[in-house]
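*Asks:* Generate coordinates for the sequence data below:
(one chain, ligands or ions: 1)
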Amino acid sequence: MRIAVLAGGIGGARFLRGVRVACPDDTITAIVNTGDDVTLHGLRICPDLDSVMYTLGEAHDADRGWGRKGESWRIKDELRAYGAEPSWFGLGDLDIATHLVRTRMLEAGYSLTDVTAALCTRWQPGVSLLPMTDDRCETHVVVELAGARRAIHFQEWWVRYRAAQPAEAFVQVGVDDATATPAVLEAIVTADVVLVAPSNPVVSIGTILGLDDLREALVTGPAPVVGVSPIVGGVPVRGMADACLPAIGVEVSAEGVARHYGARSAGGLLDGWLVHDTDTAHVEGITVRAVPLMMTNDDATADMVRAAMHVAGVRV
Ligand code: FO1
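*Replies:* Predicted coordinates:
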């Protein structure tokens, strides 16, 4: 069976570990958000791709959620000593090697898809890891800073300011010219099932769906699409979805997100939707199932995946 998974970073990575456990003999393709990507200190950094690659490659720091285990911060401290800004972004020594390899390959003309495949040769994530696009398509956040309305990079909003300023809007810089990669479109049109990970519906899943050709392939494709709610009991399981959803006028609830994604029968994304067993959701055209949604370990996540497959009507 061919499974395509739309995923962001930390939550998406955890979900993919469960997909691997539930579907060990199937072909799994992760279509990952690149809206968080940023160039700092001359290095191209792809946080969500790296979170998935490290987490599935057993190299991640489980407590921090991002970056490498056993990390050190000597270069970061040296940059700060030089007054080299930005100092607010935590670049680890081990992580910098990834960014150096990626930046060199991009500058040599390789696509982000090829770079990611090359990096995965080392980490062997056990899934095919695809950036949603090879084009620049960065998420910026419109906030009020020092009395003026400004658009700042998502990373600055999230890391430097801890999302303290209410997001007035999210802008995908470059989205009008960005297209899904051929590999992504191939994965979608040949999939037997598409899963939407419990990632941030705005700045992760939303940015993936911001690519018109990708969204069109999902909505018109043959495969059933089943999502997993990132909101449990009215709050995000992790991350800052509650800081993002109000900016686009979406209720912070399992039902609100399902309604936002929409039913495929009405031109939206979903055929099915998993909500936590304490929640409910009623959206016309979407089959809803309530199961435990805490990804406490890979087996618990695998149970969620099996439930999603059941809603999709495919065998596991
Ligand atoms: N998140 C933080 O909260 N603080 C950081 O200093 C930080 C550095 C960082 C470096 C590389 C990387 O791949 C991710 C990093 N993240 C950091 C996480 C990142 O901001 C988020 O994982 C995503 O962009 C949002 O999901």
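*Asks:* Need the contact partners of stretch 89-103.
*Replies:* 38, 40-46, 50, 67-68, 70-76, 79, 112, 115, 118-119, 155, 159-160 (Cβ atoms under 8 Å, 6 or more residues apart in numbering). (Each C-beta comes from the backbone N, C-alpha and C, glycine too.)
*Asks:* How about it and the ligand, any contact?
*Replies:* Yes. Stretch 89-103 comes into contact with the ligand (Cβ under 6 Å from any ligand atom), by way of 89-91, 95.
*Asks:* Tell me where the stretch 151-300 of the chain has strands.
*Replies:* 169-173, 193-196, 225-228, 231-232, 235-236, 272-275, 287-290 (DSSP state E, counting those that start in this stretch).
*Asks:* Can you pull the residues of the stretch 151-300 of the chain lying near the ligand?
*Replies:* Near the ligand, when you scan the stretch 151-300 of the chain using Cβ under 6 Å from any ligand atom, you find 155, 158-159.
*Asks:* residue in the protein nearest to the ligand?
*Replies:* Proximity of the chain to the ligand (Cβ to the nearest ligand atom) peaks at G90, 2.8 Å away.
*Asks:* what are the phi and psi values for that residue?
*Replies:* phi -80, psi 100 (degrees, to the nearest 10).
*Asks:* in the stretch 101-250 of the chain, what spans have low per-residue confidence?
*Replies:* Of all residues in the stretch 101-250 of the chain, none has pLDDT under 70.
*Asks:* Same list, the residues of the stretch 151-300 of the chain next to the ligand, but as CSV with neighbour count please.
*Replies:* Listed next are those as CSV, based on neighbours: other Cβ atoms under 10 Å:
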residue, neighbour count
Q155, 21
W158, 21
V159, 16
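*Asks:* In helices only, show me the residues you listed.
*Replies:* Q155 (DSSP state H).
*Asks:* Can you tell me which of the residues of the stretch 151-300 of the chain next to the ligand lies closest to S253?
*Replies:* In terms of Cβ to Cβ, no member of those lies closer to S253 than W158, at 22.3 Å.
*Asks:* wait, the closest one sits on M240?
*Replies:* Yes. Contact criterion Cβ atoms under 8 Å: W158 and M240 qualify, at 6.8 Å.
*Asks:* ok, the residue lying closest to H260 once chain neighbours are set aside - contacts?
*Replies:* Leaving aside its chain neighbours, H260 sits nearest to V250 (4.5 Å; criterion: Cβ to Cβ, 6 or more residues apart in numbering). Contacts for V250 (Cβ under 8 Å, 6+ apart) come out as 201-202, 256-257, 259-260.
*Asks:* All the helices of the chain, residue numbers only.
*Replies:* Taking DSSP H as the criterion, the chain carries its helices at 10-22, 47-56, 74-81, 93-107, 112-123, 154-155, 182-189, 205-209, 212-220, 241-244, 254-261, 298-312.
*Asks:* Deepest in the core, which of the ones you listed is it.
*Replies:* helix 47-56 (a mean of 26; mean count of other Cβ atoms under 10 Å).
*Asks:* Now do that helix: which elements does it pack against?
*Replies:* Packing partners of helix 47-56 (3 or more Cβ pairs under 8 Å, 6 or more residues apart in numbering; DSSP states H and E): helix 10-22, strand 27-32, helix 112-123, strand 128-131.
*Asks:* quick one: strands adjacent to the second one?
*Replies:* When you say that, I think you mean strand 27-32. strand 2-7 (parallel), strand 128-131 (parallel) (DSSP bridges).
*Asks:* Name the residues that touch the shortest one?
*Replies:* It stands for strand 128-131. 27-32, 34, 46, 49, 52-53, 56, 112-113, 116-117, 120, 181, 183-184, 187.
*Asks:* for this protein, what's the longest strand?
*Replies:* The residue-count maximum for a strand in the chain (DSSP state E) belongs to strand 138-145.
*Asks:* mind listing what's buried in it?
*Replies:* Neighbour-count burial for strand 138-145 flags 138-143 (criterion: 16 or more other Cβ atoms under 10 Å).
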